[in-house]
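Visitor: here is a sequence together with a model predicted from it:
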Amino acid sequence: LSMALVTAIVWSICVFLLVPADQRFAWALGAPLLLLSATAIVFVFQGLEKLPVQAAISSVSSLLPAGAYFLFFYPGIFLGADLLVAVGVGLFGTVAAWGIYYRMFGRLPIGKLSKRQIFTLLRESWRYWILAVVVFFYSSFQIPLIAELLGDRETGIYRSAFLMAAGLGILFDSINSLLLARMVAWKKQGLCVMWRKQSQLFLILLGIGVLPVVFLILVAPFIYQNFLGESFMDGILVFQILIVGRLVVFLGQTYAWGLVANAQDNQLLVAVFLGSAVSVTMSLLLIPEYGILAAACISVAVEILVHAYC
């Protein structure tokens, strides 16, 4: 929280000094998003294996944005409205998690850390600070690149498809996030046990994931026609491609979490660096010529590469 507070203050000062007034509100919302990320404790329920609680909070938090967009958004809505929804949903998730923890344990999850513990945490977590930056370049980097190379219209079409596919991803993530505690328990029984369980889990997740993906591929034209309109119809195939990528991530997280459980953080970092390098290179080469369809195909190909490496 202390680190996020300092960063949020610096961010806010930069926004005030550098961003045009008509865009300032949207950029300023980055500060509360940082603070909400720093106070989110849903992961605590994962560590305590209170997995139904974690799944409930995650699932509601994934449905609320969709409901807000459907009920309140309209053509010409103010800049930053989607980020304001993200702040509201983040605030709900944070308050809900802290409140549930207090009801369950009669206290808040706040304790004292010694300097030694703080330095130990920072020493162990540096890979994940790098990971947070590198992941951007293989997941979200394409959106500003499309804006620069192809213009606002193509960006809007791609970003809408990307966000709708991400909605399915959030639902899948609410299942994936339950896995780490189990992986750690399986690892304690031996790598052979964990590998066997992972293979079984892969097939189970395949059975769970294929049906919604196939369904969404089939109904995508209906969704676009009735909810987005003619201006976005070029995004149908992009959306269909991107949701295949969400299925790849859903299945591949079985092995990414396995690396974490086995303390192979360096290998996970290598996988993401590899994916980011391929994503940036292929995007710069292909998007100018083949547009947003190329961006969608690159996104799926990179997800396959990263998780195959894991």
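Guide: Great, that's in hand.

Visitor: ok, and what's touching stretch 91-110?
Guide: Stretch 91-110 is touched from outside by 36, 39-42, 44-45, 50, 53, 57-58, 60-61, 64, with contacts defined as CB atoms under 8 Å, 6 or more residues apart in numbering. Heads up, the C-betas are built off the backbone N, CA and C, glycines and all.

Visitor: now, which of the residues you listed sits nearest I130?
Guide: Nearest to I130, judged by CB to CB, of these is A40 at 20.4 Å.

Visitor: count the neighbours of the closest one for me.
Guide: A40 has 16 neighbours, counted by other CB atoms under 10 Å.

Visitor: which one is it nearest to, not counting chain neighbours?
Guide: T94 (5.5 Å; CB to CB, 6 or more residues apart in numbering).

Visitor: ok, back up a step: the contacts of stretch 91-110 in helices, which ones?
Guide: In this view, those that belong to helices under DSSP state H are 36, 39, 42, 44-45, 53, 57-58, 60-61, 64.

Visitor: re the thing from before, just the element for the residue nearest to A40, please.
Guide: If you go by DSSP states H and E, T94 is part of helix 81-105.

Visitor: how about stretch 9-22, which residues are buried there?
Guide: Of the residues in stretch 9-22, 11-12, 15 count as buried by neighbour count, 16 or more other CB atoms under 10 Å.

Visitor: picking that back up, in the helix or strand following the helix holding T94, which residues are buried?
Guide: Note on helix 81-105: by DSSP H and E, the next helix or strand toward the C-terminus is helix 115-139. Neighbour counts over helix 115-139 (16+ other CB under 10 Å) mark 131, 134-135, 137-139 as buried.

Visitor: can you put these in a markdown table and add pLDDT and distance to I243?
Guide: Output for these, formatted as a markdown table (pLDDT from 0 to 100; distance: CB to CB, whole Å):
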| residue | pLDDT | distance to I243 |
| --- | --- | --- |
| L131 | 85 | 24 |
| V134 | 87 | 24 |
| V135 | 84 | 19 |
| F137 | 83 | 22 |
| Y138 | 78 | 17 |
| S139 | 76 | 15 |
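
Visitor: how far does stretch 155-163 sit from its chain's centre?
Guide: 15 Å (CA atoms, centre = their mean, to the nearest Å).

Visitor: in it, which residues are buried?
Guide: Using 16+ other CB under 10 Å as the test for burial, stretch 155-163 gives 155, 157-163.

Visitor: cool, and stretch 228-237?
Guide: 228, 232, 234-237.

Visitor: could you tell me which of these belong to strands?
Guide: Members of the buried residues of stretch 228-237 lying in strands (criterion: DSSP state E): none.

Visitor: now, which of those residues sits nearest F202?
Guide: Nearest to F202, judged by CB to CB, of these is L237 at 27.6 Å.

Visitor: what about the chain, any weak spots by pLDDT?
Guide: The model of the chain has no residue with pLDDT under 70.

Visitor: can you give me the helices in it?
Guide: Under the criterion DSSP H, the chain contains helices at 2-18, 24-28, 30-39, 42-47, 51-72, 81-105, 115-139, 142-150, 152-176, 179-188, 191-223, 236-261, 265-309.

Visitor: pick the most buried one from the ones you listed.
Guide: Burial of these is given as mean neighbour count (mean count of other CB atoms under 10 Å); helix 236-261 ranks first at a mean of 22.

Visitor: helix 265-309 and that helix, what's the angle between them?
Guide: 140 degrees (axes from the mean of the first three to the mean of the last three CA atoms, to 10 degrees).

Visitor: just checking, what packs against helix 236-261?
Guide: Applying 3 or more CB pairs under 8 Å, 6 or more residues apart in numbering; DSSP states H and E, one finds that helix 236-261 contacts helix 152-176, helix 179-188, helix 191-223, helix 265-309.

Visitor: please state the offset of the third one from the chain centre?
Guide: Averaging C-alpha positions (CA atoms, centre = their mean) puts helix 191-223 18 Å from its chain's average.

Visitor: got the angle for that helix vs helix 236-261?
Guide: Interaxial angle, helix 191-223 versus helix 236-261 (the same axes, to 10 degrees): 160 degrees.

Visitor: wait, what's in contact with the residue nearest to P221 when sequence neighbours are not counted?
Guide: Spatially, and ignoring its direct neighbours in sequence, P221 is nearest to I236 (5.7 Å; CB to CB, 6+ apart). Under the criterion of CB under 8 Å, 6+ apart, the contact list for I236 reads 220-221, 224.

Visitor: can you check G235 too?
Guide: By CB under 8 Å, 6+ apart, the contact list for G235 reads 157-158, 160-161, 224, 228, 292.

Visitor: and the gap between it and F227?
Guide: Separation of G235 from F227 (CB to CB, to the nearest Å) stands at 12 Å.
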